Structures are given as C-alpha cells and as structure tokens.
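Visitor: Turn this into a model:
(one chain, ligands or ions: 1)
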Amino acid sequence: MADLIPNLDLLDIVRKQIKTCVGDLELEPEVERILHSPMRELKVCLTVPMDDGTIKVFDGFRVQYNDARGPTKGGIRFHPDETIETIRALAALMTWKCALHRLPLGGAKGGVVCNPKEMSQGELERLSRAYIRAIYRLIGPDVDIPAPDVYTNPRVMAWMMDEYSRMSTKNEFGVITGKPLCLFGSEGRNEATARGGWYAIREAAKDMGLDLLGATVAVQGYGNVGYNAAYLAKSLFGCKVVAASDSKGGIYSEEGLDPEEVFVHKSETGSVVGYPGTKNISNEELLELEVDVLVPAALENVITKENASRIKASIVAEMANGPTTPEADEILYERGVHLIPDILCNGGGVIVSYFEMVQNAYMYHWDLEEVRQRLDEKMTFAYHTVLDASKSYDINMRQSSYIVAVGRVVEAMKLRGWI
Ligand code: GLU
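Guide: The predicted model follows:
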C-alpha cells in the first residue's frame, strides 16, 4: 500500500502519544527520555542470489524497543517503503501492546526493504533465511521472538524457524510464532488479530447500545487482517460489509459483500477491485463512508487532520498499527467517534502468539475453542480496563490505553531499578 503512506513520522507520533500521559503518570524527564528511544537496534545488509543469476542487496532491521516486562516480541514486515524510523515506532507500539494485554513480553519489530510481490518463492525463501542469519545473535525463544506482519506469513515463518534451528543445531520451534499448524503454530493464530478486534468492537457496541446485527462495516485493507475482519463481521455478528479495499482501490455495495467471494476474486485477479456488482471507490472515499464500524486494517497514518472531520463511522476499530495521527485523535474524540486504539484493538495477534509460545514451551496443544475463549477473556478485560480509565479520567481511549500500558512498563523499569 505504498500509495497510502503519507510523509508522516510515526515515531514522532508515538512520542506525542507518550507525552499525553506524562502528566497523569507524573513521569520525570529522564523516564520520558527512556520511553522515547529503543534500547537496541540492528541494521543489516542482506545479499540474496536471484533466480536470474544476479545478486541483489537488501536492507533489513530489527529493533528491540524495551524488555522491562520480558523477552521482546513483534512481527517482521517485508515492504518496499520500509524504513528504520517506522520500525522503531512499531517496536514501541509492540511494547505498549504487550503491556496493555498483560503479556510477559516486551516489544520489538523487524523489517526488510523489498517487494515480495515481485519475488519468486525461491527468492523469498533465500531472503527470509538470509535475514535470520543476519539477526541470529539478537533473537531467541527467551530473548526476542519474531512473528508475521505486513506481507509476511506462516510460510515465511517456517523458513525462518528452520534457519534459526539449523544454526542452533536443534529444533527451536519457540523462536518464531505464527508458524504453520504442522510446525506447532497455534490454532486460531491466522484469524487472531481480526477476531480479537471484533471482541473489542462487540464490547464497544454493547456499551454504546449499537446492535451489530445488520450494522454496516467498511474495511480498509484486504490482507490477512482485513479479510478476516470482513469475514468475521458477517459470520460472527451478522454485520453487513458494504466496502472493502486494497492497495489498488476499493469497492462498495449497498446490499453488502460476500467477504469470502471477494477474497477468491482478489486471489484470482490480484485485487478486490472489479468484484462484480460493486461500485469502485478510492481508499480515501472508503474511510469517509457513512457506516457503523470503520476498520482500518492496512498501513499507518491514513486518518489525519485532513480527513478526520469527514469520518462518519460511529466506531473506528484500529486493526492496523498507527492508522490515526494525534491531531485526528482529538478531532474524532470531539466529534464523539468511538475509537478503539491499535494497541488495544489489534492485540489479538500477539496474544495468540503468546499462547503459541506457551504451547511450544510446554510441548502442548490447545484446541481452537480453548484459544478463542482465552483470547476473548484477554480482549474483553483489556477493553474494559481502557474504557474505565477513559471514563474516570475523562480522556480519549488512546490516552487511557497509554496510561495503562506505559504505566505498567514504567513500573517494571522502576521496580527493576533501571530508573
Ligand atoms: N504483527 C503483529 C502485531 O503487530 C503480531 C506480532 C506478534 O505476534 O509477535 O501486533
């Protein structure tokens, strides 16, 4: 979704978000300073043999933001516009996300500047293995545990786990989460981010008196999270998904889409665009539709001060990381739009990743119902913790999520004697 990334510095945004809780948490300047920077980062240069016999060089990164609450955890993005600045910010978000959901984990993120859409399976495999060789000394099942993210998937995780295991000369299933099921991934990991997000939306709807049966939904992005968000909207709650989009554009249908058929269309043609019986709309138009629930499930910085006053949804559920800027947060709050912030809304992915780590550590297997029930408990608890804090401090959901999450990280650092 290269066309969707405006030139905004996500780390700058994360720092502004930290600032909003400095007063309430009574943070000293040095404590704030520690929260503004990653504790460790690695930049690597990967050389990969391509199918045509040439060698190509790729830049890669791994940023470990903060491990006060446990081993660092976070996904790996393969994206042509990747930058270390974005990865830093996303690693910070992982730190708050794990703390908010009470996982015994810190936050990290990784990325490789590449365009997986233009690479063969063989090239992708060699790139994935080269990346793991390059960051090998920094990761490990009880140190830093990568997972899938934008344009990476269980197939890529399997190669990465295998490369790490070869280098360690023993099976290390627990070094990566989001693995395929037959390599001891967890049941329910693929749908986890979207399902967790819908558990949060369900709680919000209850609180607002909104009936989800027949409620209208627009989903921006149709990757793993966007597709599952659309699918679950219909299958879990009987919502009407009226719009969906991907990097090539969007589609709208007043009668509602069949999310599975749209998925088949995208697999066959490369895009949701052109799905029969729908009207073409742009990604920008999709965000401004009059719907009950808007789900940004693509990339960062799509709701900004330019378009926030035109967002008409009652609930904005941030299944992407960092889709809304701080100025837009304020505008949405003033206008009474109920925003479920990313670190709360999309925590389902890392929650089930954590379940995968637990199962790998104990060489055990939980069935799908058990995973879903535990996910529901965690999402529901976190949602009400953030909502209660937002009501009692009279602040927006972003600020209250930061007060809870950053507060826990600071408490851990203080008790450990770091600050
Ligand atoms: N990439 C997901 C996220 O941004 C999940 C990370 C994980 O499972 O470690 O939350």
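Visitor: Might you name the residue of the stretch 251-400 of the chain sitting closest to the ligand?
Guide: Per Cβ to the nearest ligand atom, residue 353 is where the stretch 251-400 of the chain lies closest to the ligand, at 3.1 Å. In this view, the C-beta of every residue, glycine as well, is placed from N, C-alpha and C.
Visitor: Quick check: chain neighbours aside, which residue is closest to that residue?
Guide: residue 177 (3.7 Å; Cβ to Cβ, 6 or more residues apart in numbering).
Visitor: Now the phi/psi pair for the one you found, please.
Guide: Per-residue torsions, residue 177: phi -110, psi 170 (degrees, to the nearest 10).
Visitor: Mind pulling the model confidence for it?
Guide: You'll see residue 177 listed with a pLDDT of 98.
Visitor: related to what we said a few turns ago, in this model residue 154 seems to touch the residue of the stretch 251-400 of the chain closest to the ligand, though I could be wrong.
Guide: No - using Cβ atoms under 8 Å as the test, residue 353 is too far from residue 154 to be in contact (11.9 Å).
Visitor: who has more neighbours, the two?
Guide: residue 353 (29 against 19; other Cβ atoms under 10 Å).
Visitor: Quick one: list the elements packing against the helix or strand containing the more buried one.
Guide: Per DSSP states H and E, residue 353 falls inside helix 348-362. Where contact means 3 or more Cβ pairs under 8 Å, 6 or more residues apart in numbering; DSSP states H and E, helix 348-362 is packed against strand 72-79, helix 84-100, strand 144-148, helix 192-208, helix 368-393.
Visitor: how about the fourth one as CSV, C-alpha atoms only?
Guide: Think helix 192-208. C-alpha atoms of helix 192-208 as CSV (Å, rounded to 0.1, in the frame of the first residue of the first chain):
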residue,chain,number,x,y,z
ALA,A,192,-6.4,-13.8,15.8
THR,A,193,-5.9,-10.1,15.1
ALA,A,194,-9.3,-9.7,13.4
ARG,A,195,-11.1,-11.9,15.9
GLY,A,196,-9.6,-10.1,18.9
GLY,A,197,-10.6,-6.8,17.2
TRP,A,198,-14.2,-8.0,16.9
TYR,A,199,-14.3,-9.0,20.5
ALA,A,200,-13.4,-5.4,21.3
ILE,A,201,-15.9,-4.0,18.9
ARG,A,202,-18.6,-6.2,20.4
GLU,A,203,-17.8,-4.7,23.9
ALA,A,204,-17.9,-1.2,22.5
ALA,A,205,-21.2,-1.8,20.7
LYS,A,206,-22.8,-3.2,23.9
ASP,A,207,-21.6,-0.1,25.8
MET,A,208,-23.0,2.2,23.1
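Visitor: Partner strands of the following helix or strand past it and their direction?
Guide: Following helix 192-208 in sequence order, the next helix or strand is strand 216-220 (DSSP H and E). Strand pairing for strand 216-220, determined by DSSP bridges: strand 240-246 (parallel), strand 293-296 (parallel).
Visitor: hang on, the earlier thing: adding mean neighbour count, mean pLDDT and distance to residue 22, write the helices and strands packed on helix 348-362 out as CSV.
Guide: What follows is the helices and strands packed on helix 348-362, written out as CSV (neighbours: other Cβ atoms under 10 Å; pLDDT from 0 to 100; distance: least, Cβ to Cβ, whole Å):
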stretch, mean neighbour count, mean pLDDT, distance to residue 22
strand 72-79, 27, 98, 24
helix 84-100, 27, 97, 14
strand 144-148, 27, 98, 28
helix 192-208, 23, 98, 26
helix 368-393, 17, 97, 14
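Visitor: Which positions in the stretch 1-150 of the chain make contact with the ligand?
Guide: 73-75, 97, 147, 149 (Cβ under 6 Å from any ligand atom).
Visitor: what about the residue lying farthest from the centre of the chain, which helix or strand?
Guide: Distance from the centre of the chain peaks at residue 53, with 35.7 Å (Cα atoms, centre = their mean). Here residue 53 sits in a region with no helix or strand, counting by DSSP H and E.
Visitor: show me the residues around residue 327 that make contact.
Guide: Counting by Cβ atoms under 8 Å, 6 or more residues apart in numbering, residue 327 touches 304-305, 308.
Visitor: How about residue 404?
Guide: Neighbours of residue 404 in contact, by Cβ under 8 Å, 6+ apart: 99-100, 385-386, 389.
Visitor: Ok, residue 245 next?
Guide: 219-222, 251, 272, 281, 283, 286, 298.
Visitor: And those, which is closest to residue 9?
Guide: residue 298 (18.5 Å; Cβ to Cβ).
Visitor: Out of the contacts of residue 327, give me the one that has the most neighbours.
Guide: Among the contacts of residue 327, residue 308 has the most neighbours (other Cβ under 10 Å), with 23 neighbours.
Visitor: gap between the two ends of stretch 208-216?
Guide: Stretch 208-216 has an end-to-end distance of 15 Å (Cα to Cα, to the nearest Å).
Visitor: who's in contact with that stretch?
Guide: By Cβ under 8 Å, 6+ apart, stretch 208-216 touches 201-202, 204-205, 237-240, 242, 290-293, 314-315, 338.
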